[in-house]
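**Student:** Whatever this is, show me its structure:
(one chain, ligands or ions: 1)
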Amino acid sequence: MKYKLLSAAAVGAAVFAFGASAASATTLEDVKAKGFVQCGVNTGLAGFAAPDASGNWSGFDVDFCRAVSAAIFGDANKVKFTPLSAANRFPALQSGEVDVLARNTTWTINRDTALGLNFRFINYYDGQGFMVRKSLNVKSALELSGASVCVQSGTTTELNLADYFKANNLQYNPVVFEKLDEVNAAYDSGRCDVYTTDQSGLYSLRLTLKNPDEHMILPEIISKEPLAPAVRQGDDQWFDIVSWVGYAMINAEEFGITQANVDEMKNSPNPDIKRFLGVEADTKIGTDLGLTNDWAYNVVKNVGNYGEVFEKNIGQGSPLKIARGLNALWNKGGIQYAPPVR
Ligand SMILES: N[C@@H](CCC(=O)N[C@@H](CS)C(=O)NCC(=O)O)C(=O)O
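**Tutor:** Okay, here's the model as predicted:
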């Protein structure tokens, strides 16, 4: 399919054109009728979203899609993945080809307004960084004047890069590609001195280089990249479901509810935990959302809490070994904070 970026006004028409069901039914009804969630993910960023040789997807963003599936179907596997490049991701969501985009995507005002999308739950607080060869002997981005910089088009990265070099009165040569593979190959072959993207992406991409140990990530973070799942505007119920799945994962971590103890936790004396798991009498925490009251239980049981998903895919249990940093809970030194499920 060919993608064309649409303005917010054109999104409604595009959804109609994509299929009558998408126009007449809510997204939840549509998802239930087809029996799966169509999730837009990265084309291949190990730790975040990547397929194995048999086409099975895994990663931090993939697990978010699986959590949405678990909340709706009580089964994490009712999900299909659409790999999307930086440029293709928004048209695919706008047109209705995917129900949700979970793809290292920065929430910006332009995307939230002009592109007709909605963002709320930030699943990863990130920032843009730089990777260089150690042999370049550079300790700070401020020493990069005159460097050639590999960057992918269709990203927030391009504009941040221009702003940073301009603000610091530094010269640079942008080497821009549309496809991730092309950027990777250009940097690895030495065509650029610097690779810039989200710092989380750099941790992942460094491991795919011929000699990862020959490269380092510089300390500067030059932007705010709040990465968040996105949906189309115009369906508040679907927006709520996607947002609250994320918040449920954070709340589960805060409550100490894990994939292993979630059944036991149903007997907790804490009414907040009971309500969260849908076992408090008269709770409507699911039905008000169009789901069953055990939707949050199903998310934790099938996928895990936020911390578990983080550590397994991109943290200490993974080759990336990214520290929780800003993504630690608000009461553990980070800024991950979810509104209460009550
Ligand atoms: N967070 C930034 C950058 C996201 C982005 O697309 N990063 C690149 C480099 S890590 C990527 O994931 N490319 C994968 C692809 O195009 O398939 C944004 O939302 O624009």
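**Student:** how far does the helix ranked longest in the chain sit from the chain's center?
**Tutor:** The longest helix of the chain (DSSP state H) is helix 236-255. Relative to its parent chain, helix 236-255 has a centroid offset of 14 Å by Cα atoms, centre = their mean, to the nearest Å.
**Student:** Quick one: mean pLDDT for it?
**Tutor:** For helix 236-255, the mean pLDDT works out to 98.
**Student:** Need the CA coordinates for it. CSV is fine.
**Tutor:** Extracted in CSV, the C-alpha atoms of helix 236-255 (Å, rounded to 0.1, in the frame of the first residue of the first chain):
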residue,chain,number,x,y,z
ASP,A,236,-12.6,8.4,22.8
GLN,A,237,-13.4,4.9,24.0
TRP,A,238,-10.6,3.4,22.0
PHE,A,239,-8.3,6.2,23.2
ASP,A,240,-9.2,5.5,26.8
ILE,A,241,-8.6,1.7,26.4
VAL,A,242,-5.2,2.2,24.9
SER,A,243,-4.2,4.8,27.5
TRP,A,244,-5.5,2.8,30.5
VAL,A,245,-3.8,-0.4,29.4
GLY,A,246,-0.5,1.5,29.8
TYR,A,247,-1.6,3.0,33.1
ALA,A,248,-2.7,-0.4,34.3
MET,A,249,0.8,-1.8,33.7
ILE,A,250,2.4,1.1,35.7
ASN,A,251,-0.2,0.8,38.5
ALA,A,252,0.5,-3.0,38.7
GLU,A,253,4.2,-2.3,39.2
GLU,A,254,3.4,0.2,41.9
PHE,A,255,1.1,-2.3,43.6
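**Student:** which residues in the stretch 151-300 of the chain form helices?
**Tutor:** 156-167, 180-188, 199-206, 236-255, 262-265, 271-276, 295-302 (DSSP state H, counting those that start in this stretch).
**Student:** wait, which of these is closest to the ligand?
**Tutor:** Nearest to the ligand, of all those, is helix 199-206, at 2.9 Å by Cβ to the nearest ligand atom. Just so you know, the C-beta spots here come from the backbone N, C-alpha and C atoms, and that holds for glycine as well.
**Student:** Could you export the closest one as CSV, CA atoms only?
**Tutor:** Only the C-alpha atoms of helix 199-206 are listed here, as CSV (Å, rounded to 0.1, in the frame of the first residue of the first chain):
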residue,chain,number,x,y,z
GLN,A,199,19.0,7.4,22.8
SER,A,200,17.0,4.2,23.2
GLY,A,201,17.3,3.5,19.5
LEU,A,202,21.1,4.1,19.7
TYR,A,203,21.4,1.4,22.4
SER,A,204,19.6,-1.0,20.2
LEU,A,205,21.3,-0.1,16.9
ARG,A,206,24.8,-0.1,18.4
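**Student:** Name the residues that touch that helix?
**Tutor:** With Cβ atoms under 8 Å, 6 or more residues apart in numbering as the test, helix 199-206 has contacts from 45-48, 104, 124, 126-131, 184, 195, 197, 212, 215, 217, 221, 227, 314, 320-322.
**Student:** Could you do stretch 162-171 as well?
**Tutor:** Stretch 162-171 is contacted from outside by 141, 142, 144, 145, 146, 172, 174, 222, 223, using Cβ under 8 Å, 6+ apart.
**Student:** now do 6 Å
**Tutor:** Outside stretch 162-171, the residues that touch it by Cβ atoms under 6 Å, 6 or more residues apart in numbering are 145, 146, 172, 222.
**Student:** now do stretch 52-59
**Tutor:** 47, 48, 49, 50, 51, 81, 313.
**Student:** Could you dump these into a markdown table and include secondary structure?
**Tutor:** Formatted as a markdown table, the contacts of stretch 52-59 follow (DSSP: H, G, I helix; E, B strand; the rest coil):
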| residue | secondary structure |
| --- | --- |
| 47 | coil |
| 48 | coil |
| 49 | strand |
| 50 | strand |
| 51 | strand |
| 81 | strand |
| 313 | helix |
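**Student:** Fine, thanks again, bye for now.
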